[in-house]
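J.: Predicted model and sequence below, questions to follow.
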Amino acid sequence: MANDHLHLPNLGDSTGTLISPAQEKALGDAFFRNIRSQLDISYDSDIQHYIQAIGQKLVASSDNPRQDFYFFVVMSDDINAFAGPGGFIGINSGLIINSDSESELASVIAHEIAHVTQRHIYRSYEAASKLSLPAAAAMIAAIIVATQAPDVGIGALSAIQAGSLQMQIDFTRDNEQEADRIGIKTLARAHFDPRSMPAFFEKLQQASRYYGAGAPEFLRTHPITASRIADTRGRAEKYPYRQVPNSQSYRLIKTKLRISSAQNSIKDLITFFQRKINQGTPEQRAAMQYGLGLCYLQQRKYPQAADIFLTLSQRYPNQREYLTALTDVAINRRDFTAAKKLLLQLQQKFPHESDFQFEYINILLTANQPQQALQHLKLLEYTQQQYPRYFLLLAQAYGDLGQKVNSHRYMAEYYYAIGHTSGAIMQIKLAQQAKGLNFYLSAILEDRLQFFMDELQALKQLQAQ
Ligand SMILES: [Zn+2]
């Protein structure tokens, strides 16, 4: 853990030779903890699964397929996407909703991937150079949050940093051109339509002319000019024209996100889906039915919702979203027997995805079976990005079993994973006061307390500047 408190080298060096892979990974993890505490990240398993799948498909066709990347969706209506250290790429729900095809969405992701593989992002982080790692991660997160939600971000930054630090959040014209050029190659290799990149950028640019101050956030950090669009179009048109169909998951995820956006009323959406339910291909019609089902679910019309999802899941047994929606209906109805059965079915169909096991454990806890939940948790294999949820379930299971020391101990890990280090410290202190503390646990708690305190101390470096 000593690595965490190393001071970083000059991050403005675009060759990136000064930061080691281990430092970059630690910086990325710390950055993501900060982002978790400040932005509304989607934990929906369908959404997470989709964005990971399309992102990794593009990475595999990028100029550095071996680099680690992690993709996530930020629930925000602003049209934006951003890249952080360690290959963390955030895509706003607003960008997905406003894309007209999957290739358009892919073109922005491919562009962001190129900024990472070409190490352009480090130039924007120059201001974070020479800081301790936790402080640098907090600062980079604050810079990104500032572009995301201008008011909130600047507030968060001034709260941790009183002095004046120069922030460079926009990429240079050369960086943009390079990211377009490499992004287009990636798109073509991944079998998306390269022409969708200039088409989407042009739409964004037109939107900015139309909306003025309400222009897409993406343009603040990735300035789009007419010459850049022309240049990108020239490159894209060298590829033979081909029709690239949208995947069904793209349609379903876009539908799901539209429903969770505050901009649409459920009533209007129902009218929309009902009007379109008999139009287009069978897949397009299925997506409209799915949307209608989700609206019914929100309105707690469970039998109508279940009917739709059951029919769809029988017609398309390999489309996971229909089965997960059916499971959601069962959970909302508190029919845990049916929910467990469906989740076991999902686990069999998709054995490599631990999300369904997480959901299963969640149901065991809701159904007041903490001992069984704990047994499952101990066998569970989870990814680093699933840490927060894992620790939360563990804390809950121990809490339900009346084991307060362990409950607070894992609650501390949960808080740390979501970027609330002071909350983590409080939980450790509660654990230290709880009954049932033995020598072994006492030593673990002391060790973690010291680690969290050191990290808070390192963050104070920002205030001192
Ligand atoms: Zn860019």
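T.: Yes, it's here. Numbering: from 1, shown residues only.
J.: middle-most residue in the chain, spatially?
T.: Closest residue to the average C-alpha location of the chain: Phe72 at 1.9 Å, with C-alpha atoms, centre = their mean.
J.: So that one belongs to a strand, correct?
T.: Yes: per DSSP: H, G, I helix; E, B strand; the rest coil, Phe72 lies within a strand segment.
J.: show me what contacts it?
T.: Counting by C-beta atoms under 8 Å, 6 or more residues apart in numbering, Phe72 makes contact with 41-42, 48, 51, 88-91, 385. In short, each C-beta sits where N, CA and C put it, glycine included.
J.: hey, what's it bridged with?
T.: Gly90 (DSSP bridges).
J.: Would you mind listing the buried residues in the helix or strand hosting Val145?
T.: Assigned by DSSP states H and E, Val145 belongs to helix 133-148. For helix 133-148, a neighbour-count test (16 or more other C-beta atoms under 10 Å) marks 133-148 as buried.
J.: that older thread, mind putting the contacts of Phe72 into TSV with neighbour count?
T.: Listed next are these as TSV, based on neighbours: other C-beta atoms under 10 Å:
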residue	neighbour count
Ile41	19
Ser42	19
Gln48	19
Ile51	22
Phe88	23
Ile89	22
Gly90	24
Ile91	23
Gln385	19
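J.: Closest one of those residues to the ion?
T.: The closest of these to the ion turns out to be Ile89 (C-beta to the ion; 11.9 Å).
J.: Could you report the neighbour count for the nearest residue to Pro134 once chain neighbours are set aside?
T.: Using C-beta to C-beta, 6 or more residues apart in numbering and skipping the chain neighbours, the partner closest in space to Pro134 is Ala458 (4.3 Å). Residues contacting Ala458 under the criterion other C-beta atoms under 10 Å number 22.
J.: pretty sure Ala458 contacts Ala138?
T.: No: contact criterion C-beta atoms under 8 Å: Ala458 and Ala138 do not qualify, at 9.1 Å.
J.: rewinding a little: now the angle from the helix holding Val145 to strand 70-74?
T.: 50 degrees (axes from the mean of the first three to the mean of the last three C-alpha atoms, to 10 degrees).
J.: and helix 133-148, what other elements does it pack with?
T.: Judged by 3 or more C-beta pairs under 8 Å, 6 or more residues apart in numbering; DSSP states H and E, helix 133-148 is in contact with helix 21-38, strand 81-83, helix 150-160, helix 439-464.
J.: Recalculate using a threshold of 7 Å.
T.: Contact analysis of helix 133-148 by 3 or more C-beta pairs under 7 Å, 6 or more residues apart in numbering; DSSP states H and E lists helix 21-38, helix 150-160, helix 439-464 as its packing neighbours.
J.: do it and the ion meet at all?
T.: No: judged by C-beta under 5 Å from the ion, helix 133-148 makes no contact with the ion; its nearest approach is 11.8 Å.
J.: If I take that helix and helix 21-38, what angle do their directions form?
T.: Helix 133-148 runs at 50 degrees relative to helix 21-38, counting by the same axes, to 10 degrees.
J.: Which helix or strand in this protein has the lowest average pLDDT?
T.: helix 150-160 (a mean of 48; mean pLDDT, DSSP states H and E).
J.: From Asn175, how far out is the residue in the chain that the ion sits nearest to?
T.: The nearest approach of the chain to the ion comes at His222, 3.3 Å away (C-beta to the ion). For His222, the distance to Asn175 (C-beta to C-beta, to the nearest Å) stands at 9 Å.
J.: likewise Leu297?
T.: On the measure of C-beta to C-beta, Leu297 and Asn175 end up 44 Å apart.
J.: remind me which residues of the stretch 1-150 of the chain are low pLDDT?
T.: The model of the stretch 1-150 of the chain has pLDDT under 70 over residues 1-18, 124, 127, 148-150.
J.: returning to that earlier point: compare His222 and Asn175 (neighbour count), which wins?
T.: More crowded of His222 and Asn175, by other C-beta under 10 Å: His222, with 24 against 20.
J.: Please consider this matter closed, and thank you.
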